[in-house]
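J.: this one's structure only:
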Ligand SMILES: Nc1nc2c(ncn2[C@@H]2O[C@H](COP(=O)(O)OP(=O)(O)OP(=O)(O)O)[C@@H](O)[C@H]2O)c(=O)[nH]1
Ligand SMILES: [Mg+2]
């Protein structure tokens with residue numbers, strides 16, 4: 001199980017498959033240099049980041065799904081731990097950021113579905129919403145995507161959100177963490193905080 005969470009009343013979590021850019025995003029939001037890597041599975045236990053005297057913490061959770069050199073059992077354990085962590089802290093989690101790779105996500109989802117499996121991203125999106133956590137899908141690596149609107153509409157479709165994607169701006173945020181193009185995500189998170197009357201936390205996301 002994951003230990004060492006700072007005792008904070010508000011939290012925003014980054015979740016997603018391996019190698020989608022969660023740690024890169026965390027660095028962009030906090031200015032702190034977390035380990036990121038070419039190899040999936042770099043982050044194996046949560047990275048927490050908080051500020052002295054502030055009742056808020058960002059958490060970068062380990063990636064799930066395929067990881068080279070990590071066997072099936074270990075992957076399942078990581079995923080179970082992530083689910084449990086989110087359930088245990090659902091009261092504190094003001095928003096969940098499900099990070100996906102904008103170029104690869106739809107193909108991976110379709111591949112799993114064609115095999116009769118539930119795709120990790122679809123499962124995690126449903127789970128976060130079921131637990132009652134306002135969720136933003138950060139569609140990352142958009143710098144690599146040419147057919148932007150088509151990709152985003154297809155992703156909405158797979159997540160059960162009727163298109164066009166533009167009507168889901170508080171849920172679908174196309175970004176490039178690497179290029180520091182994060183405004184759609186910052187705005188979506190700000191909207192969710194405002195809805196919860198937590199304007200006091202806006203400074204952490206915008
Ligand atoms: N092209 C592009 N690459 C990116 C972007 N964001 C992250 N990457 C790259 O994707 C790779 C994985 O990034 P990480 O931040 O380590 O991914 P992660 O989701 O934390 O991975 P795990 O810890 O394994 O779950 C790195 O090589 C990043 O530089 C982006 O917006 N565009
Ligand atoms: Mg990471």
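T.: Alright, I've got the coordinates. Because the structure is a prediction, the values reported are computed rather than measured. Residues are numbered from 1 along each chain as shown. Ligands and ions are numbered 1, 2, ... in the order given.

J.: Pull out the buried positions in the one helix or strand residue 157 maps to.
T.: Using DSSP states H and E, residue 157 sits within helix 148-158. Of the residues in helix 148-158, those buried under the neighbour-count criterion (16 or more other Cβ atoms under 10 Å) are 151-156, 158. The way it works is simple: take the backbone N, C-alpha and C, and place the C-beta from them, glycine included.

J.: how close does the residue nearest to the spatial centre of the chain get to residue 21?
T.: With distances taken as Cα atoms, centre = their mean, the residue of the chain nearest its centroid is residue 98 (2.4 Å). Taking Cβ to Cβ, to the nearest Å as the measure, residue 98 and residue 21 are separated by 12 Å.

J.: what bridges to the residue nearest to the centre of the chain?
T.: Residue 98 forms beta bridges with residue 15, residue 137, as assigned by DSSP bridges.

J.: Just list the residues touching residue 49, thanks.
T.: In this structure, residue 49 makes contact with 26, 30, 32, 57-60, judged by Cβ atoms under 8 Å, 6 or more residues apart in numbering.

J.: Quick one: those as TSV, columns for distance to ligand 2 and pLDDT too.
T.: Output for the contacts of residue 49, formatted as TSV (distance: Cβ to the ion, whole Å; pLDDT from 0 to 100):
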residue	distance to ligand 2	pLDDT
26	8	92
30	13	92
32	13	86
57	16	97
58	13	97
59	11	96
60	6	93
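
J.: List only those of the residues you listed flagged as buried.
T.: Buried, going by 16+ other Cβ under 10 Å: 26, 30, 57-60, out of the contacts of residue 49.

J.: can you list those in CSV and add secondary structure?
T.: As requested, those are exported to CSV (DSSP: H, G, I helix; E, B strand; the rest coil):
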residue, secondary structure
26, helix
30, helix
57, strand
58, strand
59, strand
60, strand
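
J.: next one: whichever helix in the chain runs longest to chain centre, how far?
T.: Once the chain is assigned using DSSP state H, the helix that runs over the most residues is helix 72-88. Distance of helix 72-88 from its chain centroid, counting by Cα atoms, centre = their mean, to the nearest Å, is 15 Å.

J.: what about that helix and ligand 2, touching?
T.: No. Contact of helix 72-88 with ligand 2 (Cβ under 5 Å from the ion) is absent, the minimum separation being 11.9 Å.

J.: For stretch 169-187, measure first residue to last.
T.: Start to finish, the residues bounding stretch 169-187 are 9 Å apart (Cα to Cα, to the nearest Å).

J.: So is that stretch next to ligand 1?
T.: Yes. Contact between stretch 169-187 and ligand 1 is present through 176-178 (criterion: Cβ under 6 Å from any ligand atom).

J.: State the mean pLDDT of that stretch.
T.: When pLDDT is averaged along stretch 169-187, the result is 97.

J.: ok, and does that stretch reach over to ligand 2?
T.: No. Contact between stretch 169-187 and ligand 2 is absent, the nearest approach being 11.2 Å (criterion: Cβ under 5 Å from the ion).

J.: Could you tell me which residues within that stretch count as buried?
T.: Taking 16+ other Cβ under 10 Å as the neighbour-count basis, stretch 169-187 is seen to contain the buried residues 170-178, 182, 184-186.
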